[in-house]
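Visitor: Here is a sequence together with a model predicted from it:
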Amino acid sequence: MSIHDLRSLDEAEALFPPRSLPAGAEVLRIAPSPTGFPHIGTAMQTVLNRALADKTGGIFIVRIEDTDRARLVNGAEEAVMAALDWLGIPPDEGPNQPGDYGPYRQSERLPLYRLAAEHLTQLEKAYHCFCPPERLEKLRQEQMAAGHNPRYDRHCLALPQAEIRSRLAAGEKSVIRFRAPEDGPISFVDEVRGPISFDADRVDDPILLKADGYPTYHLAALVDDHFMRVTTVIRGEEWISSTPKHIALYRAFGWEIPRFLHTVILRDAQRRKLSKRSGDTSLRWFQAQGYLPEGFRNFLTRLLWPHPEEKDIYPLEDFVRLFNVRNLPRTGPVVDAQLLDFINGHYLARLNPEAMRLACADYLACLEKTPDAGPASSREVDIAAFRRELESNPGYARKVFALEPERNRKLADIFVNNGFFFEATLKSATREQLLKYAQTPDQGVRLLEAMRDLLAVSLPEQEAWETGMRGLAEAAGLKPKPVFMMARLALTGSEKTPPLYAIMEILELGRVRERLGLASQTLKQNFA
RNA sequence: GUCCCCAUCGUCUAGCCGGCCCAGGACAACGGCCUCUCACGCCGUCAACGGGGGUUCAAAUCCCCCUGGGGACGCCA
């Protein structure tokens, strides 16, 4: 028996029987629509769903809500699933994890929605509506101008059966609308906010089935939640005002109403709902910045929940074990990049050099595929060459990443913090940089060459080298700092680096001498 | 316009079944220590209960109003 053989809702009940799960087990779902790259909000929902499912021994489902054919984006479903993959949060059931309650793509469940709509129509709880969109739009505007809540005027509610049949037969476009209850309060208990109630007259007659035969969210999500035996509907706060609509529908079907949990929606720095305008909020962007999945997950839970010991860094298990639905926040948190960086930095620093090397290689491979998503610092370098260099000399890369790993807060930082260790990303010191510390080009050249002489045969012991450098400074009538800075610039092209001696040990004598020579060449050139 | 949700430092928040709070922690910022630079680390500083009414011996904590912010009002989800 498949969904296509179904003749009634009763048969569907039999096809999708109640799940046999331990008491208290929650069946949860996220319902992304494949209209673009998945969003940080989707990731937050995912973490929360997974955590609650794990906490209660339940099930976490991914359901693709692809009922809007106009906004459908090619490859978006793959992007959603790839993002969840990257996040490291696998669903128990979904388009790629078939289960007994599938299919998990709404476009493949159309017969079910049609059956549901017909069922309500027969009960006279739904009706055909032939009103063209233009009429509805005009109506809406008039109502709002008059200071009323816009709602359908039920123009088609009382159409005679015969007329409906003939217009349908003539091929006239129509939709099916729910006949919403006229009066009485509709209330529900939100799992995080407590009781919320609306007047029934707030509920418009929502369209259930569109003219193209596809269901709207209201019908599709509700039917699926019912037949997938979802116990708690977790969704963003923006759905609160639609909930009475859904409650009324559940009642019309005579179905058990699930629990509702409306999460906060994430805000940007202006406290607006996070959107395209707030900058890139797609998971792809966070990945391309080089956030680690575990760091990103920690950040997400941190936004949802204060650790009882007031920690910022904690394993996901702590969240699963200790969080409580009632303590979820009610005010939309601002996505704070500084906090994310701080948290991610901890995870990055904790990686051993080999894990770091692997993470970098993966990261660069990802940037190679989507170079436009990468940070500015990555755009000017040959990513492929950088990756080959990392992979061709793992021992060297490990030494590099063992040096002050806490400098990097996200993988993108390697371009500036570790770039000088690799040919593909090296930027040599400029004349201007060097002349900040040398009083004259001539003096700079003499110092750089003297430094090279200190390293004529081998790298001396650290103390001996430093004494030598200080001696150079004294002889030139300079403080030690400018001399060290010239060496730093010559070796790295940067003024902010780890300690020089450690850098020289990794670079090794040949390259150190080479770079010192190169820098003095730079000073000699343009020596007007 | 109508309805709904929310309200403690710049940010995330603890506290909220009233006194232990002239409000605690973390991020950020700033200052200092360390030092060949930067980062890390350590020490320190700045910084909030939106306003007004109640209730009470006592309110960040309870109630009401205002204000502010957010969200929803689609053949989008």
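Guide: Cool, the structure landed. Keep in mind it's a predicted model, so treat the numbers as computed, not measured. Numbering: from 1, shown residues only, chains lettered A, B, ... in the order given.
Visitor: can you list the domains in chain A?
Guide: A:351-425, A:431-524 (automatic domain parsing).
Visitor: now the shortest one: how far from the chain's centre is it?
Guide: Between the mean C-alpha location of domain A:351-425 and the chain-wide mean there is a distance of 22 Å, by CA atoms, centre = their mean, to the nearest Å.
Visitor: for the longest one, same thing?
Guide: Using CA atoms, centre = their mean, we find the averaged C-alpha position of domain A:431-524 to lie 44 Å away from the chain's own average C-alpha position.
Visitor: now the domains of chain A in a markdown table, with distance to RNA strand B, mean pLDDT and mean neighbour count?
Guide: Heads up, the C-betas are built off the backbone N, CA and C, glycines and all. Listed next are the domains of chain A as a markdown table, based on distance: least, CB to the nearest atom of the strand, whole Å; pLDDT from 0 to 100; neighbours: other CB atoms under 10 Å:
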| stretch | distance to RNA strand B | mean pLDDT | mean neighbour count |
| --- | --- | --- | --- |
| domain A:351-425 | 4 | 92 | 18 |
| domain A:431-524 | 4 | 93 | 17 |
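Visitor: Any chance of those in CSV with distance to residue A:331 as columns?
Guide: What follows is the domains of chain A, written out as CSV (distance: least, CB to CB, whole Å):
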stretch, distance to residue A:331
domain A:351-425, 27
domain A:431-524, 38
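Visitor: How about the residues of the stretch 51-200 of chain A by RNA strand B?
Guide: A:65, A:67-68, A:70-71, A:131-133, A:136, A:140, A:144, A:147-151, A:173, A:175, A:193-194, A:196-199 (CB under 7 Å from any atom of the strand).
Visitor: before we move on, back to that, out of the domains of chain A, which is closest to residue A:209?
Guide: Closest of those to residue A:209 is domain A:351-425, at 38.0 Å (criterion: CB to CB).
Visitor: Quick one, which of the residues of the stretch 51-200 of chain A next to RNA strand B are buried?
Guide: A:65, A:67, A:68, A:131, A:136, A:150, A:151, A:175, A:196, A:198 (16 or more other CB atoms under 10 Å).
Visitor: Could you export the host helix or strand of residue A:358 as CSV, CA atoms only?
Guide: Residue A:358 belongs to helix A:353-369 when assigned by DSSP states H and E. Extracted as CSV, the C-alpha positions of helix A:353-369 are listed here (Å, rounded to 0.1, in the frame of the first residue of the first chain):
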residue,chain,number,x,y,z
PRO,A,353,47.8,19.9,15.0
GLU,A,354,46.8,17.0,12.8
ALA,A,355,43.1,17.6,13.3
MET,A,356,43.7,21.3,12.5
ARG,A,357,45.5,20.4,9.3
LEU,A,358,42.6,18.1,8.3
ALA,A,359,40.1,20.8,9.2
CYS,A,360,42.0,23.3,7.1
ALA,A,361,42.2,20.9,4.1
ASP,A,362,38.5,20.3,4.3
TYR,A,363,37.9,24.0,4.7
LEU,A,364,40.0,24.9,1.7
ALA,A,365,38.3,22.2,-0.4
CYS,A,366,35.0,23.8,0.5
LEU,A,367,36.3,27.2,-0.5
GLU,A,368,37.5,25.8,-3.8
LYS,A,369,34.0,24.8,-4.6
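Visitor: Report all helices and strands that that helix contacts.
Guide: helix A:283-289, helix A:383-392, helix A:394-402 (3 or more CB pairs under 8 Å, 6 or more residues apart in numbering; DSSP states H and E).
Visitor: residue ranges of the strands in the stretch 1-150 of chain A, please?
Guide: In the stretch 1-150 of chain A, the strands defined using DSSP state E, counting those that start in this stretch lie at A:27-30, A:59-62, A:126-129.
Visitor: and those strands as CSV, adding mean neighbour count?
Guide: What follows is the strands of the stretch 1-150 of chain A, written out as CSV (neighbours: other CB atoms under 10 Å):
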stretch, mean neighbour count
strand A:27-30, 26
strand A:59-62, 24
strand A:126-129, 22
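Visitor: how about the ones you listed in JSON lines, adding mean pLDDT?
Guide: Supplementary listing: the strands of the stretch 1-150 of chain A in JSON lines, determined by pLDDT from 0 to 100:
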{"stretch": "strand A:27-30", "mean pLDDT": "97"}
{"stretch": "strand A:59-62", "mean pLDDT": "98"}
{"stretch": "strand A:126-129", "mean pLDDT": "96"}
